[in-house]
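Engineer: Sequence and predicted structure, then a few things I'm wondering about:
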Amino acid sequence: MSTMNHEPPAQAGPWRTIPALLERLNDGSSKPSFTPDSLRWHLRNARSNGLEQHVRRIGKKLLLNEAGFLNWLASQPSRWDRRGAA
């Protein structure tokens, strides 16, 4: 009998499809924080922007970890932070 050592997931929380995550993020807002195209842009650049660890592809389905995405978002410098850096 062999025992397998499974590591816990990097981020706890639900894995969501792009439409499901957008629904949670935008929460019925008339001016959404993220559009489908803006979220897909971040996903296409996941390797270079650090989002890759929160993304899973299973077949054709793309899943994002909601808690991981929110942590990633909070860690991003704001536009105003960059303005002061020269």
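Structural biologist: Structure received. Numbering: from 1, shown residues only.

Engineer: any idea where the strands of the chain begin and end?
Structural biologist: Using DSSP state E, the strands of the chain run over residues 15-16, 55-58, 61-65.

Engineer: Now the spatially most central residue of the chain. Nearest residue, chain neighbours left out?
Structural biologist: Note on the chain: the residue nearest the mean C-alpha position is Phe69, at 3.1 Å, using CA atoms, centre = their mean. Setting aside the residues directly before and after it, Phe69 is nearest to His54 in space (CB to CB, 6 or more residues apart in numbering), at 5.4 Å. Heads up, the C-betas are built off the backbone N, CA and C, glycines and all.

Engineer: what's the burial count for the one you found?
Structural biologist: His54 is flanked by 23 other residues according to other CB atoms under 10 Å.

Engineer: beta partners of the closest residue to Thr17 other than its chain neighbours?
Structural biologist: Leaving out its chain neighbours, the residue that sits closest to Thr17 by CB to CB, 6+ apart is Leu63, at 6.3 Å. For Leu63, the beta-bridge partners under DSSP bridges are Arg56.

Engineer: Quick check: Leu63 touching Phe69?
Structural biologist: No. The criterion here is CB atoms under 8 Å, and Leu63 misses it with Phe69 at 10.6 Å.

Engineer: related to what we said a few turns ago, next one: the residue nearest to Phe69 from Gly13, what distance?
Structural biologist: According to CB to CB, to the nearest Å, His54 and Gly13 sit 10 Å apart.
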